[in-house]
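Engineer: sequence unknown, structure follows:
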């Protein structure tokens, strides 16, 4: 009590009043010294402690959705949301659409937007997102594609080992192509179509991406016997083609992709795409599908891998055949273009819904296997030699 009274008397002498007036002088000095720090903390708000990033096991890469994530006409995302399922919505401010997530399976889905430019930007943004640890994630591109009638049929799905870029090239208008050329498409740094040897990596590279063949073979072996739905409508579409491969019911195959921002079509361009695949893969690839985004996806992942944020040996590309790349018997390229450009929603494509169903059915089997086997697949890539 005496100490308190003496403190108050000292405080009154110094001009201090109120609750602080009864505290010892040393405490008052400490408070004065801390005042600038307290003011700064008030301005900055409470301290922020970074959360531990979520370790993602599988990233499902889709390229478009038409409306809501569920309950309406589907795009590439909707089957995954409804059936896998992916119940959690996560904001993605640097992307074009919110992410979807399954917390138990640790499977994340992204919609990149159509075209290689959108795809590269979205994958880069996701790879740099501090909320996720993607260093050991498997990346599964799961979308629709045009299909080469010489290789497969609509409703089928193809696992690609090779993805070849058709955008990096010289091009001469068809009306000015020399008579002894088969196409006006010429590799950069070459002066004739398919001039050997293919250019070595340089300022325009890469022109070709070779995925992990062992992982692709594992995914194909796991899914090759999946029974894909057939229908009278698909049979009618197939009947318009003479090629044996185009007339087969939907099935799972290994087949490679020519990727281009230009949505090309027609017999001549289809033949050129086959040659383009042969040229860049030294005959090891088979042109089965064509899509728009995958070189952008793969290039973004290659850059992320340079900083350990992704592993390019864990990438799979699965494409479902929604339409043929060339017309059937008696058809024309212009007629096929008219049919395929009916609207901006892709629903007019001849096998749009069957392709979405098939790619989910096959892709989900692989995604679930990778997630369920995480004690092993986290460190051991399937198909690799132990």
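Structural biologist: In hand now; what should we look at? Everything numeric in this text was worked out from a predicted model, so none of it was measured.
Engineer: contacting residues around the most centrally placed residue in the chain?
Structural biologist: A centroid search over the chain (Cα atoms, centre = their mean) returns residue 61, at 3.2 Å, as the residue closest to the centre. Residues counted as contacts of residue 61 (Cβ atoms under 8 Å, 6 or more residues apart in numbering) are 109, 110, 112, 119, 123, 139, 140, 141, 142, 143, 297. From N, CA and C alone the C-beta is placed, and that goes for glycine too.
Engineer: Doesn't the first one belong to a strand?
Structural biologist: Same thing as residue 109. Yes: with DSSP: H, G, I helix; E, B strand; the rest coil as the criterion, residue 109 is located in a strand.
Engineer: List the beta-bridge partners for it.
Structural biologist: Here residue 109 sits in beta bridges with residue 60, residue 100, going by DSSP bridges.
Engineer: Give the closest residue to residue 78 in space, chain neighbours not counted.
Structural biologist: In space, not counting the residues next to it along the chain, residue 78 is nearest to residue 70; the distance is 5.8 Å by Cβ to Cβ, 6 or more residues apart in numbering.
Engineer: Correction: the previous question concerned residue 272.
Structural biologist: Nearest residue to residue 272 in three dimensions, chain neighbours excluded: residue 183, at 4.6 Å (Cβ to Cβ, 6+ apart).
Engineer: Pop the domain breakdown of the protein in here.
Structural biologist: 2-44, 56-168+205-377 (automatic domain parsing).
Engineer: Worst mean pLDDT among these?
Structural biologist: Comparing the domains of the chain by mean pLDDT, the weakest confidence falls on domain 2-44, with a mean of 46.
Engineer: What distance do you get for residue 281 to residue 256?
Structural biologist: Residue 281 sits 7 Å away from residue 256, taking Cβ to Cβ, to the nearest Å as the criterion.
Engineer: Touching both of those two, which residues are there?
Structural biologist: 162, 164.
Engineer: For residue 293, which non-adjacent residue is spatially closest?
Structural biologist: On the basis of Cβ to Cβ, 6+ apart, the spatially nearest residue to residue 293 that is not a chain neighbour turns out to be residue 119, at 3.8 Å.
Engineer: ah, wrong one, I meant residue 251
Structural biologist: Nearest residue to residue 251, sequence neighbours excluded (Cβ to Cβ, 6+ apart): residue 156, at 5.3 Å.
Engineer: Please work out how many residues are found near the one you found.
Structural biologist: Residue crowding around residue 156 was assessed by other Cβ atoms under 10 Å; the count is 30.
Engineer: What of residue 334?
Structural biologist: 11.
Engineer: centre of the chain versus the helix or strand harbouring it, how much separation?
Structural biologist: With elements taken from DSSP states H and E, the one containing residue 334 is helix 333-340. How far helix 333-340 lies from its chain's middle: 28 Å, per Cα atoms, centre = their mean, to the nearest Å.
Engineer: packing partners for that helix?
Structural biologist: Using 3 or more Cβ pairs under 8 Å, 6 or more residues apart in numbering; DSSP states H and E as the contact criterion, the neighbours of helix 333-340 among helices and strands are helix 267-281.
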